[in-house]
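Engineer: Quick one, what's the 3D model for this:
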Amino acid sequence: AMSEARIYPNRRQWRQTIQKNLFFFGLASMLLGILGFFAAVWPQLHRYLQFSVIEAAIIISLLLAWRAGLNSQMGKMALTAASLLVGVLLQVFSIVYPTAAFSYQLFLTWTMLVLPWTVLANSPHLWIICLVLLQISFALYWSQGEGLVSLLAPGFALGIAFLNILFLSVWELAKRKYVAWGNQAWMIKILMLTAVTALTAPIVHLNFQKKLPLALSQMDGQLAMLIPVYFILILLGVLYYSRRSLDLFSLFVCMLSLVCVLSTLCFRVLSQYVHQPQLFTLLIGLIVLGQISIATGWLIRMAKRTVA
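Structural biologist: Numbering: from 1, shown residues only. Just a heads-up that it's a prediction; the model follows:
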């Protein structure tokens, strides 16, 4: 769609993107190198020295962030490094002093400790870290005693989608109020992709279950709530990002999700009524190609509106 509409990033946008990515990967490589060095000699260090090294790294990162300024790129990266080191400190503390606390409590405590820095700095990177920590905490809490299979449950999908949609709503509101940190388009894309994926994955998984009833009245409460919520949110997303705030990536995510859900639903229904393999394959192929053609044509029209 973007190729048809002749929408390409210019030289200045490419330069800015490459500079930011190189700076980020350089800082990440430096942190990984430091962590790798200490990991090699960590068992030989006394526990007090272990705490001292991590706390010193946190203090140095905070001083660097204060010296460079929270509005600068260096300050934001230093504060991000300090936030990550807080998690390392908590992990070392839980190893040196074992407790009966659950794993999700560690990540929740980590979130609460870095949240003041996040609010103070208003950095998208820190907000992403807080969101990821919250989702990990929720996933660990939900999967207690049942393992990773429980992460495909409708209730978990609704919880993850709610967190991302809440952050997305705040971000869109900040963008409309011309708040500086709300203009990060990549943050909106990440939140939209995560929310839609969280709702799509369990529905696609459920479509392959042979014993799943088709009628909502025969489903359990969580599943009966997930399906209407999914279609309502997809409809709201398409309406908002096609009329109020045109965003091709968000529209593409919604269309791709619909194609996946409707294709797997058709696969499940046809597998019950069509018993000839050749005819079944032909019908599924035609359905998928038809959906992709309709979605691509509509995205091309939306893309041309951005240059009109």
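Engineer: Would you agree residue 80 is in contact with residue 127?
Structural biologist: No: with contact defined as CB atoms under 8 Å, residue 80 does not count as touching residue 127 (10.7 Å). Placement of C-beta: from N, CA and C, glycine included.
Engineer: Please say which of these two ends up with more neighbours.
Structural biologist: Between residue 80 and residue 127, counting by other CB atoms under 10 Å, residue 80 is the more crowded of the two (25 against 21).
Engineer: Helix or strand: which one has residue 272?
Structural biologist: helix 248-273 (DSSP states H and E).
Engineer: Tell me the gap between that helix and the middle of its chain.
Structural biologist: Distance of helix 248-273 from its chain centroid, counting by CA atoms, centre = their mean, to the nearest Å, is 21 Å.
Engineer: what packs against it?
Structural biologist: If you count contacts as 3 or more CB pairs under 8 Å, 6 or more residues apart in numbering; DSSP states H and E, helix 248-273 packs onto helix 185-207, helix 221-239, helix 277-307.
Engineer: So for it, what gets flagged as buried?
Structural biologist: Buried residues in helix 248-273, counted by 16 or more other CB atoms under 10 Å: 248, 250-261, 263-268, 270.
Engineer: Please apply the same query to stretch 285-302.
Structural biologist: Quick answer for stretch 285-302 (16+ other CB under 10 Å): 287, 288, 291, 295, 299, 302.
Engineer: For the last one, give me its contacts.
Structural biologist: Read it as residue 302. Residue 302 makes contacts with 1, 242, 246, 248, 251, as judged by CB atoms under 8 Å, 6 or more residues apart in numbering.
Engineer: For the residues you listed, could you give me CSV that also reports pLDDT and distance to residue 135?
Structural biologist: Supplementary listing: the contacts of residue 302 in CSV, determined by pLDDT from 0 to 100; distance: CB to CB, whole Å:
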residue, pLDDT, distance to residue 135
1, 45, 30
242, 87, 28
246, 82, 28
248, 86, 26
251, 91, 24
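Engineer: Since that was my last question, I'll sign off now.
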